[in-house]
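Participant: For reference, the sequence and a predicted model appear below.
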Amino acid sequence: MKIRLSLMTFAALAVMGAVHPAAAEVQKFMNPCDSGLCAFFRASTTVPDGWAEDAEATRELRVQMLLPKGQDFEDAPAKIYTLVRYNAGGKLQVADIVKDTYADWRRRAKTAKPEKLADIVRADGKPVFVSHRFEAPRLKEQGFERTSITTDTDKDGNTFFVIVVLSANSRDAFVKAEGAYNSMLKSY
């Protein structure tokens, strides 16, 4: 399967690639990889109605990959994926990840229009999701994205980033998927 994600994904993986204990709302799995075993962290998100997890893409990319039901990964006009990465010693802030995200978007499209959106409040006083939107209509793939980032801790106080991305090939597909995306954020 030919699988592509934005460079932001891989930048986030590089910055936060350490393996440590899983969070209370995050499950940790050890999967075979080139270096033996690699950790895969999974947030306790709720799959929205009309969407399904693509098990092959999830396994291959080590992110929870959701597609509209009945869609194939390569042909899906929109995708939602969730990355969970350990934040060693809590040294990084959400703003650091946002900065990397903006840099990635600008590398992908010089005329990109990144925009800060309103924060999304979470229940029980948990840290907000910081959200941004990116539009680059000239890109054939992933020209419309929304990234929402929050932090979470495990029972031992270890800090994790939870990054939820909606990526679409067209504005229409983006708008159509946004309700499902928002329902995921609100339920987390």
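Facilitator: Cool, the structure landed.
Participant: What helix or strand is residue 186 located in?
Facilitator: helix 171-187 (DSSP states H and E).
Participant: mind listing what's buried in stretch 134-145?
Facilitator: 134, 135, 136, 139, 142, 143, 144, 145 (16 or more other CB atoms under 10 Å). Using the backbone N, CA and C atoms, a C-beta is placed for each residue, glycine as well.
Participant: brain fart, stretch 87-104
Facilitator: 87, 92, 94, 97, 98, 100, 101, 102, 104.
Participant: Can you add distance to residue 185 and pLDDT and give those back as TSV?
Facilitator: As requested, the buried residues of stretch 87-104 are arranged in TSV below (distance: CB to CB, whole Å; pLDDT from 0 to 100):
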residue	distance to residue 185	pLDDT
87	19	89
92	21	85
94	14	89
97	16	83
98	16	85
100	20	82
101	16	80
102	20	80
104	21	78
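Participant: Mind checking which of the residues you listed land in strands?
Facilitator: If you go by DSSP state E, the buried residues of stretch 87-104 have residue 87 in strands.
Participant: For burial, what's the neighbour tally of the nearest residue to residue 144 once chain neighbours are set aside?
Facilitator: Nearest non-adjacent residue to residue 144, counting by CB to CB, 6 or more residues apart in numbering: residue 174, 3.9 Å away. Residue 174 has 21 neighbouring residues, counting by other CB atoms under 10 Å.
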